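**Student:** Model the structure of this input:
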Amino acid sequence: MSLRKLTALAVYATLALAVYAIESAVPPLVPLPGIKLGLANVVTLILLQQYTAKDAFLVLTVRILLSALLFGQALSLLYSLAGGIVSFAVMCPSNRLLRRKLPFLTGALGGLSHNLAQLLTAYAVTSTAGVLVYLPYMAASGILAGLFTGLCAHFAGRYLIPHTK
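**Tutor:** Alright, predicted model coming up:
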């Protein structure tokens, strides 16, 4: 990896971490646990558009680990990793199938899968079927937040210098 690319990815990881920190400091819009916009995903979506999937996954992983280390707890790392990895596993092929042209759909699929993975993780950790009551709310919020972050990535990506792979 060239020094230029490594520096660019470090800047993206720092940006994603800063966005995560700011979003974490803002009170939630909805009084249900686990529902937020996930604005740090804008960076992941931009990276999927302009870099390789490997680069995007690297930045995502660094952001999740550093955010848990700096702002979270051990349990938040588990939820973030589960949501992030499953979301990424859904966004990569959907981004390829959509030929990188519809990041808002990629974001919606990522948001939905992220929230479902976190809900299933909560079920696995607590062994309480009651957490599944949140399923419709988590699904709807994941789709809406993913659409929003995808649109943000689409417009923000226009103003960033595209990287050649």
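
**Student:** and Ala139, how many neighbours does it have?
**Tutor:** 16 (other Cβ atoms under 10 Å). C-betas here are computed from N, CA, C, even on glycine.

**Student:** elements contacting the helix or strand hosting it?
**Tutor:** Here Ala139, judged by DSSP states H and E, is contained in helix 135-159. Applying 3 or more Cβ pairs under 8 Å, 6 or more residues apart in numbering; DSSP states H and E, we find helix 135-159 packed against helix 41-50, helix 103-126.

**Student:** report the angle between the axes of the helix or strand just after the shortest one and helix 41-50?
**Tutor:** I take that to be helix 41-50. Per DSSP H and E, helix 41-50 leads on to helix 53-71 as the next helix or strand towards the C-terminus. On the basis of axes from the mean of the first three to the mean of the last three Cα atoms, to 10 degrees, helix 53-71 is oriented at 160 degrees to helix 41-50.

**Student:** where are the low-confidence patches of the chain?
**Tutor:** For the chain, the stretches with pLDDT under 70 are 161-165.

**Student:** Nearest the middle, which residue of it would you pick?
**Tutor:** Asn41 (3.4 Å; Cα atoms, centre = their mean).

**Student:** Nearest residue to Ala53 in space, please, no chain neighbours.
**Tutor:** Cys92 (4.9 Å; Cβ to Cβ, 6 or more residues apart in numbering).

**Student:** thought the one you found was touching Leu47?
**Tutor:** No: contact criterion Cβ atoms under 8 Å: Cys92 and Leu47 do not qualify, at 11.0 Å.
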